[in-house]
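Student: I'd like to go over a predicted model; first the sequence, then the structure.
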Amino acid sequence: MKLNIAVLAGDGIGPEVSDQAIKALNAIALEFDHKFSFNYAKVGGAAIDDCGDPFPQKTLELCKTSDAILFGAIGDPKYDNAEIRPEQGLLKMRKELGLFANIRPVKAFDSLLDKSPLKTHLIKDVDISIYRELTGGIYFGKKEVSQDGNYASDLCEYSKKEIERVAHLAFKAAKARRQKVTLIDKANVLETSRLWRRTVTELSKAYPEVKLEYLYVDNAAMQMILNPKQFDVILTENMFGDIISDEASVIGGSIGLIPSASIGDKYALFEPIHGSYPEANGKGIANPIAAILSAAMLLEHFGLFDEAEIINYAVEKSLKLGITTPDLGIKHEEISTSKVGDFIADFISNPTDSNHN
Ligand code: IPM
Ligand code: MN
């Protein structure tokens, strides 16, 4: 298969971890005789530095003319009080590319069960797929701040259409998994949440094999820690999904392990859920696994399931052997971001190499 991939590495550790994902994809291309080409464009703080716009037109154009987008991370503390912030680039990118569904898989890796602060029996075999709506809600509603700075407001808006398109994806995924969707909302308080409930309840009738459950977001936050095994597919609005997915990452032992896919009608983007981790910038300590697993999600998106499987297997192998960055334990502090990437790429090229066993 031929794929043109836009690389938007972004800020902080974004470039380092994206490089490791590209190493894995290059190893896959070689093994399976695919042609992946990578074209780079700036986003976030790096783009503000370059041209004053966190999501410039030329970056948008590259995204639109590519088959898929590999995204690193965004955010730079030097812009904390600036009017133009790197994060605006991420939001603009999601909106302009119509990436309305963000899929975040949360798993407990067997070899990392003791890295989570949660008890092993609670998290063993957890396998959750979070469907977060990504281009609506309070993130994108009208914002106001008064002249004197003493008043501010953010409007939370949703339309039935916006809810339906992400809900269909969640139900289709649940059908192929353990047939359960949990809708997380705050329907006891918010009108938008009541619209979500009505819309999703109605739509669920088209998926009779899928069980639909409802949880208020405050209770869901508690359930995620008390009994995460109850979840199969989680469906939720933009901000609740942002918060619940960071909480859920604790199950895996590190936020540095969770990839994501952002999908729209036309475009698809793959990104780790973590941020730009400026404190780690250039130190070689950032965990590249979330970026590498995002590359595996990219392959799955194009139906390259065997290829994705090999990446997943190589990642598991690296974790099992303790070839991990320091966020997963002090024992292996000497293993850098690029060493982890090299191990995974080598393993893809030569999975039976006895040196790695
Ligand atoms: C994420 C991030 C972003 C979000 C920030 C950087 C705007 O936290 O992708 O989860 O809130 O969506
Ligand atoms: Mn987030």
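Tutor: Nice, thanks for sending it over. Ligands and ions are numbered 1, 2, ... in the order given.
Student: now the strands for the stretch 1-150 of the chain?
Tutor: Taking DSSP state E, counting those that start in this stretch as the criterion, the stretch 1-150 of the chain carries its strands at 2-10, 35-40, 68-73, 101-107, 127-133, 143-145.
Student: Of these, flag the one that's most buried.
Tutor: Burial of those is given as mean neighbour count (mean count of other Cβ atoms under 10 Å); strand 68-73 ranks first at a mean of 26. The C-beta positions use only the backbone N, C-alpha and C, and glycine is treated the same way.
Student: re the thing from before, can I get the strands of the stretch 1-150 of the chain in a markdown table including mean pLDDT and distance to ligand 1?
Tutor: Putting the strands of the stretch 1-150 of the chain into a markdown table (pLDDT from 0 to 100; distance: least, Cβ to the nearest ligand atom, whole Å) gives the following:
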| stretch | mean pLDDT | distance to ligand 1 |
| --- | --- | --- |
| strand 2-10 | 98 | 10 |
| strand 35-40 | 98 | 21 |
| strand 68-73 | 98 | 8 |
| strand 101-107 | 97 | 7 |
| strand 127-133 | 98 | 8 |
| strand 143-145 | 97 | 14 |
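Student: Figure out which of the ones you listed is closest to Leu195.
Tutor: Leu195 lies closest, by Cβ to Cβ, to one member of the strands of the stretch 1-150 of the chain: strand 127-133, at 12.0 Å.
Student: contacting residues around the closest residue to Arg194 other than its chain neighbours?
Tutor: Take Arg194 and drop its neighbours on the chain: the residue closest to it by Cβ to Cβ, 6 or more residues apart in numbering is Ala187, 5.1 Å away. By Cβ atoms under 8 Å, 6 or more residues apart in numbering, the contact set of Ala187 is 193-194, 196-197, 214, 216.
Student: circling back: now distance to Ser153 too, for the strands of the stretch 1-150 of the chain, in a markdown table please.
Tutor: Listed next are the strands of the stretch 1-150 of the chain as a markdown table, based on distance: least, Cβ to Cβ, whole Å:
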| stretch | distance to Ser153 |
| --- | --- |
| strand 2-10 | 29 |
| strand 35-40 | 38 |
| strand 68-73 | 29 |
| strand 101-107 | 25 |
| strand 127-133 | 21 |
| strand 143-145 | 5 |
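Student: about what we covered before: which of the contacts of Ala187 ranks first by neighbour count?
Tutor: Greatest neighbour count in those, by other Cβ atoms under 10 Å, goes to Trp196: 28 neighbours.
Student: helices or strands next to the longest helix anywhere in the chain in the packing?
Tutor: Longest helix in the chain, counting residues (DSSP state H): helix 14-32. Contacts defined by 3 or more Cβ pairs under 8 Å, 6 or more residues apart in numbering; DSSP states H and E place helix 14-32 against strand 2-10, strand 35-40, strand 68-73, helix 289-301, helix 305-320, helix 337-349.
Student: Export only the CA atoms of the last one, formatted as CSV.
Tutor: Coordinates of the C-alpha atoms in helix 337-349 are reproduced here as CSV (Å, rounded to 0.1, in the frame of the first residue of the first chain):
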residue,chain,number,x,y,z
THR,A,337,13.2,7.5,24.0
SER,A,338,15.2,6.6,20.9
LYS,A,339,16.5,3.3,22.3
VAL,A,340,12.9,2.2,23.0
GLY,A,341,12.1,3.2,19.4
ASP,A,342,15.1,1.3,18.0
PHE,A,343,14.2,-1.9,19.9
ILE,A,344,10.6,-1.8,18.6
ALA,A,345,11.8,-1.1,15.0
ASP,A,346,14.4,-3.9,15.2
PHE,A,347,11.9,-6.3,16.6
ILE,A,348,9.5,-5.6,13.8
SER,A,349,12.3,-6.3,11.3
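Student: Now tell me what touches that helix from outside.
Tutor: Applying Cβ under 8 Å, 6+ apart, the contact partners of helix 337-349 are 13, 16-17, 19-21, 23-24, 26-28, 30-31, 284-289, 292, 310-311, 314-315, 317-318, 321, 323-325, 353, 356.
Student: Just the buried ones among these, please.
Tutor: Buried members of the contacts of helix 337-349, scored by 16 or more other Cβ atoms under 10 Å, are 13, 16-17, 19-21, 23-24, 26-28, 285-289, 292, 310-311, 314-315, 317-318, 323-325.
Student: List the buried residues for the helix or strand that contains Asp246?
Tutor: Using DSSP states H and E, the element containing Asp246 is helix 238-252. Residues of helix 238-252 classed as buried by neighbour count (16+ other Cβ under 10 Å): 238-242, 244-245, 248-252.
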